[in-house]
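1. Fold the stuff below for me.
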Amino acid sequence: MGYFCCFLIIIILVIAVTLFSKEEKELTSHGESDESDESEDLRSRQAERLAERMSKRRSAQYQRGAEKQRDHSTVPPKLSDIKSSLEEEKQRLTKLKRVQEELELERSEIQEPEVEYAPDEDLVSTEQAVEPPESDPGVSLVEAVPLLEALTPMPPEVLDEVVEEQVVDVDDEAVEQSSPEEKPTDDASATVELFCKTCMGEEVVSYDSEQIFKDQFEGQPVAWNGLLKSIDRLSYDRHFKAENGFLATLEIFEIKGRYDTRPVLAVVLLTPEQKAAWEPSLKQEMAFRGTLFALDAFGKKVYVTLRV
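-> Down below sits the predicted model:
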């Protein structure tokens, strides 16, 4: 009986020892697994951080390279941008042209002050003023003959010829000074070139053209030639007040401006009978007679009424 109890005690001890050893092994295995899990988590976190840093560096480098390419690459302009820049340039040129015309107008209006010559009193006191003797106005045109020639005897026929030549020369100079050819008269018609350069020349401001026309050319008879460009039915015109008729447009001259050359047009009102007579001369050079009565300086058009 005693042996049996000892045997049972030994068996119980062995079982207890085995169970205790198993628990220790499990505890040690759990500790090692926990430590390995923590180390793996730390490594994964470090790897993620490193990957984020690398991705940020790569994205920053890519953005820098893209910005450099944008700076160096030439992007072609759009059609809308080109049109807007052209419009702005046209507006700038028109403003500049208007400013130039206004400046020219102001320069023409400004007159230089007349400086009166005041002789020195000392010179007047020491010198004597020689007044020419009064003479007949008819004889004043004849130049004085030098003293040596006057003393030499001359035949009467030669003397008369010399006097007539001197009188004719002086008369021609007086006529040229009193009646210059630039101003048109009522007796003779104005030429196309004179009219266009006086009213629409390069140095004439557009605002003054109509006033110059009214002062010098309105109502003047003309006999001009021009290229018949077109014949159109009269619908509305602010110069011609007729209800029926046809407007004939003729190119009579080309005026040179600051930037280009523009044609000067003559506009004539025709009746149906006159239209039928003019139609065979379309696109051809033809002669016409009329009277000047209106001017469109900006459109470079002069309006003429036909004379029968």
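
2. can you tell me the helix or strand for residue 286?
-> strand 285-296 (DSSP states H and E).

3. Each with direction, which strands does the helix or strand just after that strand pair with?
-> Note on strand 285-296: by DSSP H and E, the next helix or strand toward the C-terminus is strand 301-306. Sheet pairing of strand 301-306 (DSSP bridges) gives strand 261-270 (parallel), strand 285-296 (antiparallel).

4. tell me the average confidence for the longest one?
-> Taken as a whole, strand 285-296 carries a mean pLDDT of 93.

5. and the end-to-end length of stretch 229-238?
-> 21 Å (CA to CA, to the nearest Å).

6. My error: substitute stretch 226-246 in the last question.
-> Terminal residues of stretch 226-246 are spaced 17 Å apart (CA to CA).

7. cool, stretch 229-244 as well?
-> First-to-last residue span, stretch 229-244, CA to CA: 20 Å.

8. Give the buried residues for it.
-> 231, 240 (16 or more other CB atoms under 10 Å). Placement of C-beta: from N, CA and C, glycine included.

9. mean confidence score for the helix or strand encompassing residue 93?
-> For residue 93, the enclosing helix or strand under DSSP H and E is helix 79-109. The pLDDT scores in helix 79-109 average 81.

10. which other helices and strands contact that helix?
-> helix 206-216 (3 or more CB pairs under 8 Å, 6 or more residues apart in numbering; DSSP states H and E).

11. Residues contacting the helix it packs on, please?
-> 101, 105, 183-184, 198-200, 204, 292, 295, 297-298, 302 (CB atoms under 8 Å, 6 or more residues apart in numbering).

12. and if we set it to 7 Å?
-> Contact with helix 206-216 is made by 101, 105, 183-184, 198-200, 295, 297-298, as judged by CB atoms under 7 Å, 6 or more residues apart in numbering.

13. Of these, which count as buried by neighbour count?
-> Buried members of the contacts of helix 206-216, counted by 16+ other CB under 10 Å: 101, 184, 198-200, 295, 297.

14. Can I get those residues in TSV including distance to residue 50?
-> Listed next are these as TSV, based on distance: CB to CB, whole Å:
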residue	distance to residue 50
101	75
184	98
198	90
199	88
200	83
295	88
297	82
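
15. secondary structure element for residue 252?
-> Assessed by DSSP H and E, residue 252 sits inside strand 246-256.

16. That strand: which residues count as buried?
-> 246-250, 252-253, 255.

17. can you confirm residue 24 is in a strand?
-> No - if the criterion is DSSP: H, G, I helix; E, B strand; the rest coil, then residue 24 is helix and not within a strand.

18. count of neighbours near it?
-> 10 (other CB atoms under 10 Å).

19. That one: what's it in contact with?
-> Per CB under 7 Å, 6+ apart, neighbours of residue 24: none.

20. Quick check: pLDDT value at it.
-> At residue 24, pLDDT is 78.

21. Just the C-alphas of the strand holding residue 286, formatted as PDB.
-> Taking C-alpha atoms only, strand 285-296 is exported to PDB below (Å, rounded to 0.1, in the frame of the first residue of the first chain):
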ATOM      1  CA  GLU A 285     -11.900 107.100-119.100                       C
ATOM      2  CA  MET A 286     -14.400 109.800-119.900                       C
ATOM      3  CA  ALA A 287     -14.800 113.600-119.700                       C
ATOM      4  CA  PHE A 288     -17.500 115.400-117.900                       C
ATOM      5  CA  ARG A 289     -18.500 119.000-117.000                       C
ATOM      6  CA  GLY A 290     -20.200 120.200-113.900                       C
ATOM      7  CA  THR A 291     -20.200 122.500-110.800                       C
ATOM      8  CA  LEU A 292     -18.700 121.700-107.400                       C
ATOM      9  CA  PHE A 293     -21.100 121.900-104.500                       C
ATOM     10  CA  ALA A 294     -20.100 119.500-101.700                       C
ATOM     11  CA  LEU A 295     -17.100 117.700-100.300                       C
ATOM     12  CA  ASP A 296     -16.600 114.600 -98.100                       C
END
